[in-house]
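Trainee: here is my input, please return the structure:
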Amino acid sequence: MTPTPTPTLAARDWAEIQERMLVPLYEAVYDRLEVGPGDRLLALDCGAGLALLLAAGRGAVATGVEADPARRALARERLLDVLAAPPRPPRPYDALLAFSPSPAALAAALPAVRRGGAVVLADWGPAERCTVPRVLGGGPAPRDLDALVERAGLQPDGSGRVFCPFGYADVDSAVRGLLSTGLYPVASTGSAGAACAAPFGADRAPADPALAEKELAEALHPFERPDGAVWLPNILRYVIARVA
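Mentor: As a prediction, the model looks like this:
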């Protein structure tokens, strides 16, 4: 049975189950930017910091921003440089990465990026190619990344799509992982919800934890394989822009 989520448990499930699902996106973006030694990266809503670890593995110097204290604590256990809010200028960063940021969050982080630096924004791809939002009731709708780039005064510099399947050993792991994203918020005293979502926030009314877990488990059964594993294929889209 899935434990009733708390901020600490949700953060742990994000780090141990869910975070790795985004590795194909991170690697595709780092390949596209040719991230390497000496590059300085800033990642918004970095969760427990896997994106930072991957960048560091390429020789880059990576800093994360994570508002959730539980996720931030896990990132710091990994000896990563993670802040509660975007750093103040001057502009030392060569690239900024963010999954579905709000216009306000993007605006707050942009002053930390040098002129000519890359800004990479990612979100869900076409609805018909993304299983996870459909499983969870049709939401959240992806942000219009191109409009976000234009509104921020950035210069478009390309885009791409990445096959990013979410695979789990069993239904219980899938429920725990998906609950940790905040896509399917639950309500209880001190529970996980939209406030603790790492990069997948959703504007949905909180549900009773037991009911949310039951409904989610039932919704996942059509995606269960004969060996009990759960496979949710998705296409994620990213855009690259430059700071003028």
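Trainee: helices of the protein, start to end?
Mentor: For the chain, applying DSSP state H gives helices covering 7-13, 23-33, 50-57, 69-77, 103-109, 131-135, 145-151, 171-181, 209-220.
Trainee: in the helix or strand bottoming out on mean pLDDT in the chain, which residues are buried?
Mentor: Within the chain, confidence by mean pLDDT, DSSP states H and E is lowest for helix 131-135 among all helices and strands, at a mean of 86. By neighbour count on 16 or more other CB atoms under 10 Å, the buried set for helix 131-135 is 131, 132, 133, 135. Where C-beta positions appear, they are placed from N, C-alpha and C, glycine not excepted.
Trainee: pick the one among the residues you listed closest to residue 121.
Mentor: Minimum distance to residue 121 across these is 17.5 Å, recorded for residue 133 (CB to CB).
Trainee: poorly predicted segments of this structure, please.
Mentor: Applying pLDDT under 70 to the chain flags residues 1-5, 136-140, 185-207.
Trainee: of all the helices of the chain, which lies closest to residue 120?
Mentor: helix 23-33 (5.3 Å).
Trainee: and that closest one, C-alpha only, in CSV?
Mentor: Only the C-alpha atoms of helix 23-33 are listed here, as CSV (Å, rounded to 0.1, in the frame of the first residue of the first chain):
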residue,chain,number,x,y,z
VAL,A,23,17.3,12.0,-17.9
PRO,A,24,16.6,11.7,-21.6
LEU,A,25,15.5,15.4,-21.6
TYR,A,26,18.5,16.5,-19.7
GLU,A,27,20.9,14.6,-21.8
ALA,A,28,19.3,15.8,-25.1
VAL,A,29,19.5,19.4,-23.9
TYR,A,30,23.1,19.1,-22.7
ASP,A,31,24.1,17.5,-26.0
ARG,A,32,22.4,20.3,-28.0
LEU,A,33,24.2,23.0,-25.9
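Trainee: show me what that helix is packed against.
Mentor: helix 50-57, strand 113-124, strand 155-163, strand 235-242 (3 or more CB pairs under 8 Å, 6 or more residues apart in numbering; DSSP states H and E).
Trainee: 10 Å instead?
Mentor: strand 40-44, helix 50-57, strand 93-99, strand 113-124, strand 155-163, strand 235-242 (3 or more CB pairs under 10 Å, 6 or more residues apart in numbering; DSSP states H and E).
Trainee: including distance to residue 181 and mean neighbour count, could the ones you listed go into a markdown table?
Mentor: Shown next, in a markdown table, are those (distance: least, CB to CB, whole Å; neighbours: other CB atoms under 10 Å):
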| stretch | distance to residue 181 | mean neighbour count |
| --- | --- | --- |
| strand 40-44 | 16 | 25 |
| helix 50-57 | 14 | 21 |
| strand 93-99 | 11 | 24 |
| strand 113-124 | 12 | 21 |
| strand 155-163 | 17 | 14 |
| strand 235-242 | 13 | 20 |
